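Student: no letters, just coordinates:
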């Protein structure tokens, strides 16, 4: 009874295949029909060993009369009978089985003789007395309408009534177009009835749990938008399909299906392997492009899919491959988990435990029952699958926690690096700014001295004094503009604090901070801007930072060039959906190597020497402009190094003017 649970959880095909491959290595095969009667006791018994088996390859070589002549007492054996190996693998053979069942008690006993697992077999039972008199013949096949069946589920078998202190002879003719499984149990009536209810309850519980997990993880995906939850949903669907076809399909639906679908259960391991590959790759963040484990896992998944197609038409050849593909998938997944654990991905422990639970349970079940002859209940597999689901759910939650904590730490470190980058930029432009401020101060001092002298003269020249005072005011405005540009660059503003800005003003403020540095390197600056003001929506500090990043890169690029020039252009053009303001910066540098162009906007990528840059300026610029519905790109079609910034043009609600203090 206990072992009847095992096919429900998707391992019936797995167990049958392993039985075909390995059980025959440990069982001794004898010849001859002589076998002692099997005595019935007061418990459910595995009666498989009581049967002798005759293989009929063509299905029509033997008849009941010929078989009876061979096995009845006093007859000379003529046929080659073998002990039952309990599983005959995948094929189209017909088997004849016979066993003598003895009831030693003084009361009649009532039992159910049935195959242990749901199986697509056509079986005819012949019940005879010990001297060979036919009691009755019963046809029991899973293709039959359920109303004409002795059993409620499609578990092939019959009711067996054995009189007191007597022996009956059971002859079974078993045929199948795919799997021939001969695990027979002699069950107590109450055990069989209980097993039927357990089957139905287990189907309901499993598919109810699968539905609950599906809804739960779908809600988690909606809340966090992590694709690993979609992979988990696909895995749950694949496993549900596997278990539906491998157990419930046999027990409830197989006899209703057309013949072309009778071998569908042997294709189901492909579903589980494809789902496992999808989930393992997403959970462990394995990419085909850079992970050998991902490539190996998906290779096995692809082979499983091809095996699935072959299983539908030739299960006797393809189905024995299923357990090996499952074993390879388990080994690769375990190896990938260990690789991630070595790299410090501790959440991979949960997936490792989830994979090992069913693997260890299946191994212990087979090794215990078939090799060491220790009774291992099949409920161990049920517990293993429950632990697997729990570990996967906990692992998903822990993985999200770890990745979110990592993301917060990364953002914090990135913010610190950006601030350090700003300070480094301020340090680079400090000498230039000092020069920009010192010159106007000297001019102010000079004009102030001129005014002092004019005041001492008689009569006062009011016109000259006024001219010099105006020059002082203009120079002070120049200093104020530089100071304002510095404040705009260094000031941290909220991303949502957007305002309408004049692009020409942004350019002038940026150049005010680095123009002296440009001239200090002997670089010719060409400025080409539209005469009318162009407005964009943005954050003043961020846009100045983007511009300074491009100018700083251009200065370093042309510093060693024989011809040193930087060309800055601001213009508008018609975009795909609206007018765009375009700022392009060209320089006479040596250009960017083709192999580096795809990585220009990746975080921490830089071609500078170590310590001279964090590699965040262009990635930060991309993030800023993307948030403003703009873009930045490297023009690969240009003959010179050219970066282009595009932002949607904004229509101002107030009158803006370009600051002329330049």
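Tutor: Looks like it arrived, so ask away. Because the structure is predicted, anything quoted here is derived from the model rather than measured.
Student: residue ranges of the strands in the stretch 51-200 of the chain, please?
Tutor: Along the stretch 51-200 of the chain, the segments classed as strands by DSSP state E, counting those that start in this stretch run 52-56, 82-83, 87-90, 94-103, 109-115, 122-129, 134-141, 157-162, 166-175, 179-181, 184-188.
Student: can you tell me which of the ones you listed is most buried?
Tutor: Sort the strands of the stretch 51-200 of the chain by mean neighbour count, taking mean count of other Cβ atoms under 10 Å, and strand 179-181 sits at the top with a mean of 25. The C-beta positions use only the backbone N, C-alpha and C, and glycine is treated the same way.
Student: confirm residue 567 sits in a helix?
Tutor: No - counting by DSSP: H, G, I helix; E, B strand; the rest coil, residue 567 is not found in a helix; it is strand.
Student: contacts only, for it.
Tutor: 526, 528, 585-587 (Cβ atoms under 8 Å, 6 or more residues apart in numbering).
Student: out of the strands of the stretch 51-200 of the chain, which is closest to residue 356?
Tutor: Checking the strands of the stretch 51-200 of the chain against residue 356 by Cβ to Cβ gives strand 87-90 as the closest, at 25.9 Å.
Student: about what we covered before: export the strands of the stretch 51-200 of the chain to TSV and tack on mean pLDDT and distance to residue 505?
Tutor: Formatted as TSV, the strands of the stretch 51-200 of the chain follow (pLDDT from 0 to 100; distance: least, Cβ to Cβ, whole Å):
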stretch	mean pLDDT	distance to residue 505
strand 52-56	88	93
strand 82-83	86	96
strand 87-90	68	79
strand 94-103	91	92
strand 109-115	88	86
strand 122-129	89	88
strand 134-141	82	88
strand 157-162	86	89
strand 166-175	90	90
strand 179-181	73	80
strand 184-188	89	88
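Student: how about JSON lines for these, with distance to residue 648 added?
Tutor: As requested, these are exported to JSON lines (distance: least, Cβ to Cβ, whole Å):
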{"stretch": "strand 52-56", "distance to residue 648": "80"}
{"stretch": "strand 82-83", "distance to residue 648": "83"}
{"stretch": "strand 87-90", "distance to residue 648": "66"}
{"stretch": "strand 94-103", "distance to residue 648": "78"}
{"stretch": "strand 109-115", "distance to residue 648": "72"}
{"stretch": "strand 122-129", "distance to residue 648": "73"}
{"stretch": "strand 134-141", "distance to residue 648": "72"}
{"stretch": "strand 157-162", "distance to residue 648": "75"}
{"stretch": "strand 166-175", "distance to residue 648": "75"}
{"stretch": "strand 179-181", "distance to residue 648": "66"}
{"stretch": "strand 184-188", "distance to residue 648": "75"}
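Student: just checking, next helix/strand downstream of the helix or strand of the chain with the lowest mean pLDDT?
Tutor: One helix or strand of the chain scores below all others by mean pLDDT, DSSP states H and E: helix 24-26, with a mean of 32. Using DSSP states H and E, the helix or strand that directly follows helix 24-26 along the chain is strand 38-39.
Student: what packs against that next one?
Tutor: Under the contact definition 3 or more Cβ pairs under 8 Å, 6 or more residues apart in numbering; DSSP states H and E, strand 38-39 sits against strand 94-103.
Student: got the angle for the strand it packs on vs strand 184-188?
Tutor: On the basis of axes from the mean of the first three to the mean of the last three Cα atoms, to 10 degrees, strand 94-103 is oriented at 30 degrees to strand 184-188.
Student: could you pull up the residues touching the spatially most central residue of the chain?
Tutor: The residue lying closest to the centre of the chain (Cα atoms, centre = their mean) is residue 282, at 2.3 Å. Residue 282 sits next to 227-228, 230-232 when contact means Cβ under 8 Å, 6+ apart.
Student: could you say which helix or strand holds residue 625?
Tutor: helix 617-627.
Student: what is that helix packed up against?
Tutor: Identification of packing neighbours for helix 617-627 by 3+ Cβ pairs under 8 Å, 6+ apart yields helix 379-456, helix 540-558, strand 631-634, strand 641-648.
Student: wait, residue 192 sits on residue 115?
Tutor: No - Residue 192 lies out of contact with residue 115 (Cβ atoms under 8 Å); the separation is 12.0 Å.
Student: okay, residue 10: pLDDT?
Tutor: In the prediction, the pLDDT value recorded for residue 10 is 36.
Student: same question for residue 281.
Tutor: Taking residue 281 on its own, its pLDDT is 87.
Student: which residue packs closest to it, ignoring adjacent ones?
Tutor: Closest residue to residue 281 apart from its sequence neighbours, by Cβ to Cβ, 6 or more residues apart in numbering: residue 294 at 5.3 Å.
Student: helix/strand/coil for the one you found?
Tutor: From three-state DSSP, the assignment for residue 294 is helix.
Student: of the contacts of residue 282, just say which sits nearest to residue 479.
Tutor: Relative to residue 479, and with distances defined as Cβ to Cβ, the nearest of the contacts of residue 282 is residue 227, at 54.0 Å.
Student: how close does the nearest residue to the closest one once chain neighbours are set aside sit to residue 294?
Tutor: Spatially, and ignoring its direct neighbours in sequence, residue 227 is nearest to residue 282 (6.0 Å; Cβ to Cβ, 6+ apart). In this view, residue 282 and residue 294 are 10 Å apart by Cβ to Cβ, to the nearest Å.
Student: and stretch 239-250, average pLDDT?
Tutor: 63.
Student: swap that for stretch 549-559, please
Tutor: 84.
Student: buried residues in it?
Tutor: By 16 or more other Cβ atoms under 10 Å, the buried positions in stretch 549-559 come out as 549-558.
Student: contact partners of that stretch?
Tutor: 425, 428, 510-511, 514, 517-518, 521, 523, 564-566, 568, 585, 587-590, 608, 617-618, 620-621, 641, 643, 645.
Student: then stretch 448-465?
Tutor: Contacts with stretch 448-465, where a contact means Cβ under 8 Å, 6+ apart, come from 468-469, 472.
Student: just to revisit the earlier point, how about JSON lines for the contacts of residue 282, with secondary structure and pLDDT added?
Tutor: Shown next, in JSON lines, are these (DSSP: H, G, I helix; E, B strand; the rest coil; pLDDT from 0 to 100):
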{"residue": "227", "secondary structure": "helix", "pLDDT": "75"}
{"residue": "228", "secondary structure": "helix", "pLDDT": "78"}
{"residue": "230", "secondary structure": "helix", "pLDDT": "77"}
{"residue": "231", "secondary structure": "helix", "pLDDT": "80"}
{"residue": "232", "secondary structure": "helix", "pLDDT": "77"}
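Student: buried subset of these?
Tutor: 228, 230-232.
Student: if we can go back for a sec, okay, the helices and strands packed on helix 617-627, which one's buried deepest?
Tutor: helix 540-558 comes out most buried of the helices and strands packed on helix 617-627 by mean count of other Cβ under 10 Å, with a mean of 22.
Student: so residue 329: helix, strand or coil?
Tutor: Classification of residue 329 using three-state DSSP returns helix.
Student: let me see the contact set for it.
Tutor: 273, 276-277, 297, 300-301, 304.
Student: likewise residue 648?
Tutor: Contacts of residue 648 (Cβ under 8 Å, 6+ apart): 536-537, 575, 578-581, 628-630.
Student: ok, residue 444 next?
Tutor: 472, 475-476.
Student: thinking again about what came up before, output the contacts of residue 648 in TSV; the columns should cover distance to residue 102 and secondary structure.
Tutor: Putting those into TSV (distance: Cβ to Cβ, whole Å; DSSP: H, G, I helix; E, B strand; the rest coil) gives the following:
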residue	distance to residue 102	secondary structure
536	97	strand
537	94	strand
575	92	coil
578	93	coil
579	98	strand
580	95	strand
581	98	strand
628	90	coil
629	87	coil
630	90	coil
